[in-house]
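J.: no FASTA, just this:
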């Protein structure tokens, strides 16, 4: 992976980590509910795992697919999917539905997986994934698929480490210093920005195709 | 319509909600007992600096007649900040207004003019019946995943079971019945929850035929009205435990859980004990892995001359307090208790919830007393403090005087009238004083009776919080 690709993956990871809906806020809520910083810290790894799974599925799928097809076809299809999904996120007023806050680690990971998937977290990485050079140097070989998938997983890993790092930092900052009152002022409508980024990512992918 | 920053009326914690600015307007459900004119949502000016303070400044007639407006609520509240399904950029803007008798659900938009709410949607009784299998919608709460609406009756003439319907947050369409497994629950009335603990609580009144033509003496003395509360798993939508108060304790109605999400207790008011006509307040709390209730307040009946009593009560020679509503301040410190029969609003310090201490009392109306309001000392008042609403800062309490059409007529057969009073609270020492400048009554309500009040921006019974 190029340095630019890594940096972009990490930056998108930071963006996801910053979004309260992606999990740091849930970790803070658990810490406050249990009056324990440990509860906060314990919540974050399952949340990151769920996010990783959501992103990795997309990354592995993209990487494996482009090993066996032309990258321009993939970019066009991927770009169209991304723009459509982004517009839908932008225009729809529906929000993720979930009732239940006392979750086991596995349930927490499942919640995070669903939340990330519903927001199209993995899709947002599409421009980076599609722009990556194909491992082995040429496409059209079925044998290259596992290698491609592996590089996709690496991309998801880099992304998630950045996501976890930022989520951890924000969660601790809010828990220890700022307090949840900051939500009233600082909870910028990330969903709209997020949808905008999705559309932009789709357009970038299409232009490059 | 989404915003760039959270709705300013949403607060992450009750601690912060207490700092909310004072409400400028109040919305009041008003209904025509004769069902010949439309019910209405009435808007009151609650801004002491306004020339119209304490007066009706807005009036929205509903499109049909015979709804019997009762309770209502907001489309969204502080629970929108909860972390599992956050949607803090929606607006607290729409009032969800069910007709308890008609089973119609009205959606009113309080924008662009908060003094003139507009009706933007009416969901027919058949829709509620078809989608959720319920009728007689009652309590509205804004939940993390939708709007929760309790309902007293079953669909298509069925008496029950009553239960909870879920309404979509965005379209307000009825999504369906909430319960996955209702266990032994059949009667329904109020619903609320401990949101962060995945606990939902419901209470019991009676089926439509048990209430709609008035309280039925034989059923009451036969201990057939509700006398239990139910605990549910909020996430799995399953019944967990039925806690019976004892069948002499008829009608546990309003549920007021602690606003602090780390606390696991709440209060429920019982209308009447058939042993001695007393009313009582119970605390629910955890007991090991299970839930338990403890009676924490007992309010005795007051002896009275049979000549002063309505027919229903003549044989007993006493006025039952009839605790029909309670409300807990947002800081969980004061519990307000309406004694609709004796015409009294009581204030208890419940800092130690197992040992409430009475800190205030105001008399208004009452079956025998008929206490006048200080601003109109010559007018004997019928009805009594009934629906109680407390401002978020805990400094103002609003009470209205109608209970439920058919029941008003039994306990106040010469007419219940219509009045709404505001009481000022001494939040340091406790204590209540009627505000002499705030007493809309009589003709101001154009012949309609007044039931629940909702305060602009939220109040003590409208919001739930996910952070302590």
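T.: Yep, it's here. This is a predicted model, so every value here is computed, not measured.

J.: Enumerate the residues of the stretch 151-300 of chain B near chain A.
T.: Selection of the stretch 151-300 of chain B residues close to chain A by Cβ under 8 Å from any Cβ of the partner chain yields B:169-170, B:195-198, B:234-236, B:261-262. Any C-beta I mention is one placed from the backbone N, CA and C, and that applies to glycine too.

J.: farthest-separated two in the residues you listed?
T.: B:170 and B:262 (30.8 Å; Cβ to Cβ).

J.: that older thread, type out the ChimeraX command that picks the buried ones from the residues of the stretch 151-300 of chain B next to chain A.
T.: ChimeraX command restricting those to the buried ones, with burial defined by 16 or more other Cβ atoms under 10 Å in any protein chain shown:
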select /B:169,195,196,197,198,234,235,261
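
J.: who's in contact with the residue nearest to residue B:213 when sequence neighbours are not counted?
T.: Distances taken as Cβ to Cβ, 6 or more residues apart in numbering or on different chains place residue B:406 nearest to residue B:213, at 5.7 Å, with adjacent residues excluded. The contact partners of residue B:406, by Cβ atoms under 8 Å, 6 or more residues apart in numbering or on different chains, come to B:211-214.

J.: I figured residue B:371 hits residue B:364, correct?
T.: Yes: if you go by Cβ atoms under 8 Å, residue B:371 and residue B:364 touch, sitting 5.4 Å apart.

J.: Please say which of these two ends up with more neighbours.
T.: residue B:364 (24 against 18; other Cβ atoms under 10 Å in any protein chain shown).

J.: so how far is residue B:289 from the more buried one?
T.: Distance of residue B:364 to residue B:289, given as Cβ to Cβ, to the nearest Å: 44 Å.

J.: How about whichever residue of chain A sits closest to chain B: what's its closest non-neighbour residue?
T.: In chain A, the residue that lies nearest chain B is residue A:100 (2.7 Å; Cβ to the nearest Cβ). Sequence neighbours aside, residue B:235 is the residue nearest to residue A:100 in space, at 2.7 Å (criterion: Cβ to Cβ, 6+ apart).

J.: does the one you found belong to a helix or a strand, and which?
T.: Assigned by DSSP states H and E, residue B:235 belongs to neither a helix nor a strand.

J.: Same question for residue B:231.
T.: Counting by DSSP H and E, the element that carries residue B:231 is strand B:228-233.

J.: Against which helices or strands is that strand packed?
T.: Judged by 3 or more Cβ pairs under 8 Å, 6 or more residues apart in numbering or on different chains; DSSP states H and E, the packing partners of strand B:228-233 are strand B:199-202, strand B:238-244, strand B:249-257.

J.: Might you report the residue contacts of the spatially closest residue to residue A:182 that is not a sequence neighbour?
T.: Counting by Cβ to Cβ, 6+ apart, residue A:174 is the residue found nearest to residue A:182 once chain neighbours are left out, at 6.3 Å. With contact set as Cβ under 8 Å, 6+ apart, residue A:174 has these partners: A:24-25, A:28, A:180, A:182.

J.: Now render these as TSV, adding pLDDT and secondary structure.
T.: Formatted as TSV, the contacts of residue A:174 follow (pLDDT from 0 to 100; DSSP: H, G, I helix; E, B strand; the rest coil):
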residue	pLDDT	secondary structure
A:24	97	helix
A:25	97	helix
A:28	97	helix
A:180	95	coil
A:182	94	helix
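
J.: Produce a PyMOL select command limited to the buried residues of the residues you listed.
T.: Per 16+ other Cβ under 10 Å, the buried members of the contacts of residue A:174 correspond to this PyMOL selection:
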select buried, chain A and resi 24+25+28+180
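
J.: Would you mind confirming that residue B:204 is in contact with residue B:227?
T.: Yes: in terms of Cβ under 8 Å, residue B:204 counts as a neighbour of residue B:227; the distance is 6.9 Å.

J.: Give the residues shared as contacts by the two.
T.: B:251-252.

J.: Neighbour count: those two, which is higher?
T.: residue B:204 (24 against 21).

J.: need the contact list for that one.
T.: B:187-189, B:225-230, B:251-252.

J.: same thing but 7 Å
T.: B:187-189, B:226-228, B:252 (Cβ atoms under 7 Å, 6 or more residues apart in numbering or on different chains).

J.: Check what pLDDT the residue most central in space within chain A gets.
T.: Taking Cα atoms, centre = their mean as the criterion, residue A:121 is the residue nearest the geometric centre of chain A, at 3.4 Å. Looking at residue A:121, its pLDDT stands at 92.

J.: Please apply the same query to residue A:146.
T.: pLDDT for residue A:146: 65.

J.: With residue B:58 instead?
T.: 98.

J.: check whether stretch B:14-30 contacts chain A.
T.: Yes: Stretch B:14-30 is in contact with chain A by Cβ under 7 Å from any Cβ of the partner chain, via residue B:16.

J.: Identify each buried residue in that stretch, please.
T.: For stretch B:14-30, by 16+ other Cβ under 10 Å, it's B:14-18, B:20, B:23-30.

J.: Ok, stretch B:152-162 next?
T.: Buried positions in stretch B:152-162, judged by neighbour count with 16+ other Cβ under 10 Å: B:152-155, B:159-162.

J.: Do the longest helix seen in chain A and chain B come into contact?
T.: Longest helix of chain A, by residue count under DSSP state H: helix A:37-68. No: shown here: helix A:37-68 not in contact with chain B (Cβ under 7 Å from any Cβ), separated by at least 9.9 Å.

J.: Please state the mean pLDDT value computed over that helix.
T.: Helix A:37-68 shows a mean pLDDT of 91.

J.: Quick check: which helices or strands does it pack against?
T.: helix A:24-34, helix A:71-91, helix A:105-118, helix A:126-131, helix A:145-172 (3 or more Cβ pairs under 7 Å, 6 or more residues apart in numbering or on different chains; DSSP states H and E).

J.: Can you lay out those helices as CSV showing distance to residue B:178?
T.: Listed next are the helices and strands packed on helix A:37-68 as CSV, based on distance: least, Cβ to Cβ, whole Å:
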stretch, distance to residue B:178
helix A:24-34, 23
helix A:71-91, 27
helix A:105-118, 20
helix A:126-131, 38
helix A:145-172, 32
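
J.: Which two among the contacts of residue B:204 are spaced furthest apart?
T.: B:188 and B:227 (13.6 Å).

J.: How about residue B:329, nearest residue that isn't a chain neighbour?
T.: residue B:394 is the one closest to residue B:329 (Cβ to Cβ, 6+ apart), at 4.2 Å.

J.: check contacts around the one you found.
T.: Taking Cβ under 7 Å, 6+ apart as the definition, contacts of residue B:394 comprise B:18, B:329-331, B:334, B:425, B:427.

J.: In helices only, show me the contacts of residue B:406.
T.: In helices, judged by DSSP H, the following of these are found: residue B:211.

J.: which of the contacts of residue B:406 are buried?
T.: In terms of neighbour count (16+ other Cβ under 10 Å), the buried residues within the contacts of residue B:406 are B:211-212, B:214.

J.: And stretch B:197-208, how far out from the chain middle?
T.: 13 Å (Cα atoms, centre = their mean, to the nearest Å).

J.: Cool, thanks, talk later.
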